[in-house]
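Visitor: The amino acid sequence is not available; the structure is as follows:
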Ligand code: COI
């Protein structure tokens, strides 16, 4: 199906930020995509309009009961001056699963991808060109419908905004470093049966208290343990977690409380292609810490769209610090970062067919 979206261009384009001082999520481009959903009519009137504030009723359902879903993707400037997207179909599929869990109407996957492409093309000149940077894409769905009763809304907005960004973990765009990670033993991120596998705001707001504690403890992020026994490692902050113990790379299986990350899947596929042994299983924190201390845990890293591959240098648990590989960046972490970011920016041949789409 062919999709076209009318464009209303801004009459006051913004000044572009310095690509060497972007940070993460501080700047937004000139335009946004917006589309309505109405019960009985479905998704309709997708359009590109100037970026700006939304007018929303104070009783809007999303503001009170957090009925929303979102995605995170990136666009990259390639050496030919074109724009690359990375596996956008995966984000479109994941949003279907998030929407099902949150009782939000599904968006046709092709429509989702075409809307992303149309907006990225419109604001392509905002894609930064400094090493480690990209144009972060944030598709999200909220309901502006005024309703204090707790039930799924009948009216929604699907919106896409764009933000030129540097690394999520400060400094990683220049050179990867091993982050200090706080292992959270009291608070939990998600329980099986909850919304852990979906991408929705509530999964992140409930984690902020632990991130704040992590910072007080001199750490950059949190390693979440499972909700029931506080025994198995689940995710690192806003990303999936990987541990290389002996000759095997472990990551948590998709238990229902884990986000099925696109970078997680890409990492597993690349490692398998390279002949590295991988296992998706529930890994005990005690096993991880013992392996860090006896030197068999040689590398650990976080994977995510925002954080790409972010090495983990140290785990802090119950007041004790456990360094991994002397806090140095491991070979495999660096290789994964170079391969993924190289593929995404078109500076390396794509190792996997169909992963990179050039607009
Ligand atoms: C992403 O990796 O795209 C995410 O959604 C993480 C975000 C919460 C910063």
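Guide: Nice, thanks for sending it over. Everything numeric here is computed off the predicted structure, so don't read it as measured data.
Visitor: who are the neighbours in contact with the residue in the stretch 101-250 of the chain that the ligand sits nearest to?
Guide: Nearest to the ligand, among the residues of the stretch 101-250 of the chain, is residue 238, at 3.7 Å (CB to the nearest ligand atom). Where you see a C-beta, it was placed from the backbone N, CA and C, and this is true even at glycine. Counting by CB atoms under 8 Å, 6 or more residues apart in numbering, residue 238 makes contact with 168, 204, 221, 304, 306, 307.
Visitor: how many neighbours does the closest residue to residue 251 other than its chain neighbours have?
Guide: Once flanking residues are discounted, residue 251 sits nearest to residue 242: 4.8 Å by CB to CB, 6 or more residues apart in numbering. Residues lying near residue 242 (other CB atoms under 10 Å) number 27.
Visitor: Likewise for residue 175?
Guide: Neighbours of residue 175 using other CB under 10 Å come to 11.
Visitor: Next, it: phi, psi?
Guide: phi -160, psi 130 (degrees, to the nearest 10).
Visitor: again with residue 105
Guide: phi -60, psi 140.
Visitor: Verify the contact between it and residue 99 for me.
Guide: Yes: counting by CB atoms under 8 Å, residue 99 is a contact partner of residue 105 at 6.6 Å.
Visitor: Between those two, tell me which one has more neighbours.
Guide: Between residue 105 and residue 99, residue 99 has the larger neighbour count (other CB under 10 Å), namely 21 against 17.
Visitor: Can you tell me the element the more buried one falls in?
Guide: Using DSSP states H and E, residue 99 maps to helix 88-102.
Visitor: That helix packs against which elements?
Guide: strand 69-70, helix 109-122, strand 134-142, helix 262-273 (3 or more CB pairs under 8 Å, 6 or more residues apart in numbering; DSSP states H and E).
Visitor: if we go to 10 Å?
Guide: strand 69-70, strand 73-77, helix 109-122, strand 134-142, strand 155-165, helix 262-273 (3 or more CB pairs under 10 Å, 6 or more residues apart in numbering; DSSP states H and E).
Visitor: Just put those in TSV and tack on mean pLDDT, distance to the ligand and mean neighbour count.
Guide: Shown next, in TSV, are those (pLDDT from 0 to 100; distance: least, CB to the nearest ligand atom, whole Å; neighbours: other CB atoms under 10 Å):
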stretch	mean pLDDT	distance to the ligand	mean neighbour count
strand 69-70	98	7	22
strand 73-77	98	7	24
helix 109-122	98	13	20
strand 134-142	98	7	23
strand 155-165	98	9	22
helix 262-273	98	8	19
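Visitor: Out of these, the one nearest residue 92 is which?
Guide: helix 109-122 (3.9 Å; CB to CB).
Visitor: Can you spell out which helices and strands pack onto the closest one?
Guide: Going by 3+ CB pairs under 10 Å, 6+ apart, helix 109-122 lies up against strand 31-38, strand 42-50, strand 73-77, strand 83-86, helix 88-102, strand 134-142, strand 155-165.
Visitor: Out of the ones you listed, the one nearest residue 63 is which?
Guide: Of all these, it is strand 134-142 that lies closest to residue 63, at 8.5 Å by CB to CB.
Visitor: and the angle for that closest one with strand 155-165?
Guide: Going by axes from the mean of the first three to the mean of the last three CA atoms, to 10 degrees, strand 134-142 is angled at 160 degrees with respect to strand 155-165.
Visitor: Many thanks, we can stop here.
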